[in-house]
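K.L.:
Only the shape, not the letters, is given here:
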């Protein structure tokens, strides 16, 4: 399996390269040269597989010879053995909506579905190369804890997690900062998630620093994250082969909904992918108007989506501009130097073939949380609520599948404020409420963050 960069399709990489590097050397994102397309009969056949079997089937189409069949099978089984539901994900009917529960992993968020196997793949690749690596990741709330849960205690791996100071929920923070492990380092950055993401990208762009620390990353820009997320679109979508379906997805960085786009390209018959954003609506704006122009990040009750620079959109952009890598580079340079870019009518039309989008305000999110509880006695988290509302806005009678991306207990203040009911915290994570936290608070300054990381590496 060969991969290229969105900014230079003459560069060739293996799955292992893509996995360990995270970001392409030219600053672009990795994408596969070719994508497997399933026929109607093939879809019927793979619909018979359980979740782990389907994961092995889908992953084998992307990892080439870098992971042997038995190795892949063992990694998948080990990775999902600690999920609280047999099939990794659950499907629950709420009125006319089908809720896809993706939060049954160790940190109660959809990120676990990718991060658990990714942690085990790192262990496999590092064991072969016998190298110590330093993983640096930015989080808007859930990626960090999922990365820590997947990589905690792994030999020859250090994990540095940057989160925006005071801009994630207490439960999200404590899932990261109460982990007492010698290879885990938490950093609260005095800024927002976009600042954290920029710092990580700048570190990747610094060739000397990147090579000096043998740097890797597990943000949603890592292609392996996308691949593992493709699986649950297939697993759920294959249950509805005889009727039209659409997925409504809460998203900030465009990674989760982009996985649905790849599933559709692979042959899964999806009518529409509905992008649900909060008032940080860069994705809604670019899909509806063609303008990609980040503005100031607004704090919301769905903090994991408080993002203005949706990194994964570059992958879709590559297709939208006709796989023209030079144009992608030009537009990304324009974003960096001029603060934004605009797509033409043809390019907007291309996006709208597959995507719809809407902006859901905090007020509407709260109303949805309250209504869903009062009508169905079901608590959902505020991110899921944005997708629930978007599904209602865009429904045209098809089976509407809403991705439930986090357990409501991760956002107790927002859920209780809207419904009057405080979500119960599962026994599996209750202990984090009383544990001592450990994290450094640093200025939004690349040199300050780099020096802190280097000091921790030298101590470890």
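P.N.:
Arrived safely, thanks for sending. Predicted, not measured: the structure shown is a model, and the values here were computed from it.
K.L.:
Just the pLDDT for residue 458.
P.N.:
On pLDDT, residue 458 comes in at 89.
K.L.:
On the secondary structure side, give me the element for it.
P.N.:
Element membership of residue 458 [criterion: DSSP states H and E] is helix 446-459.
K.L.:
packing partners for that helix?
P.N.:
Contacting helix 446-459 under the criterion 3 or more Cβ pairs under 8 Å, 6 or more residues apart in numbering; DSSP states H and E are the following elements: strand 133-138, strand 157-164, strand 184-189, helix 193-205, helix 207-213, strand 440-442. Every residue, glycine included, has its C-beta placed from N, CA and C.
K.L.:
Of these, give the one that comes closest to residue 423.
P.N.:
Of all these, strand 157-164 sits nearest to residue 423, with 21.6 Å by Cβ to Cβ.
K.L.:
That closest one relative to helix 446-459, how many degrees between them?
P.N.:
For strand 157-164 against helix 446-459, the angle by axes from the mean of the first three to the mean of the last three Cα atoms, to 10 degrees is 150 degrees.
K.L.:
Next, the angle from strand 157-164 to strand 184-189.
P.N.:
Per the same axes, to 10 degrees, the angle that strand 157-164 makes with strand 184-189 is 20 degrees.
K.L.:
From the chain's centroid, how far away is the lowest-mean-pLDDT helix or strand in the chain?
P.N.:
Least confident element among the helices and strands of the chain, by mean pLDDT, DSSP states H and E: helix 111-129 (a mean of 90). From the chain centre to the centre of helix 111-129 is a distance of 16 Å (Cα atoms, centre = their mean, to the nearest Å).
K.L.:
cool, stretch 249-257 as well?
P.N.:
On Cα atoms, centre = their mean, the centre of stretch 249-257 falls 7 Å from that of its chain.
K.L.:
One more: stretch 164-178?
P.N.:
Stretch 164-178 sits 17 Å away from the centroid of its parent chain (Cα atoms, centre = their mean).
K.L.:
if we can go back for a sec, residues in contact with the helix holding residue 458?
P.N.:
Residues lying outside helix 446-459 but in contact with it, judged by Cβ atoms under 8 Å, 6 or more residues apart in numbering, are 134, 136, 158, 160, 162, 185, 187, 189, 199, 202-203, 206, 209, 213, 440, 442.
K.L.:
Can you tell me which of these is closest to residue 397?
P.N.:
Residue 397 lies nearest to residue 162 out of these, by Cβ to Cβ, at 43.6 Å.
K.L.:
For the residue lying closest to that closest one once chain neighbours are set aside, grab the count of nearby residues.
P.N.:
Among residues not flanking residue 162 along the chain, residue 196 sits closest, at 4.2 Å (Cβ to Cβ, 6 or more residues apart in numbering). Counted with other Cβ atoms under 10 Å, residues neighbouring residue 196 total 27.
K.L.:
my guess is residue 196 contacts residue 138, does it?
P.N.:
Yes. The criterion here is Cβ atoms under 8 Å, and residue 196 meets it with residue 138 at 3.8 Å.
K.L.:
What helix or strand is residue 17 located in?
P.N.:
Using DSSP H and E, residue 17 sits in helix 15-21.
K.L.:
Skip ahead from that helix and say which helix or strand is next.
P.N.:
Remark: after helix 15-21, the chain's next helix or strand is strand 30-32, criterion DSSP H and E.
K.L.:
I'd like the distance between the residue lying closest to residue 197 once chain neighbours are set aside and residue 61.
P.N.:
The shortest distance from residue 197 to any non-neighbouring residue, by Cβ to Cβ, 6+ apart, is to residue 138 (4.5 Å). Per Cβ to Cβ, to the nearest Å, residue 138 is found 29 Å from residue 61.
K.L.:
neighbour count winner among these two?
P.N.:
Neighbour totals were compared for residue 138 and residue 61, and residue 138 leads with 28 against 17 (other Cβ under 10 Å).
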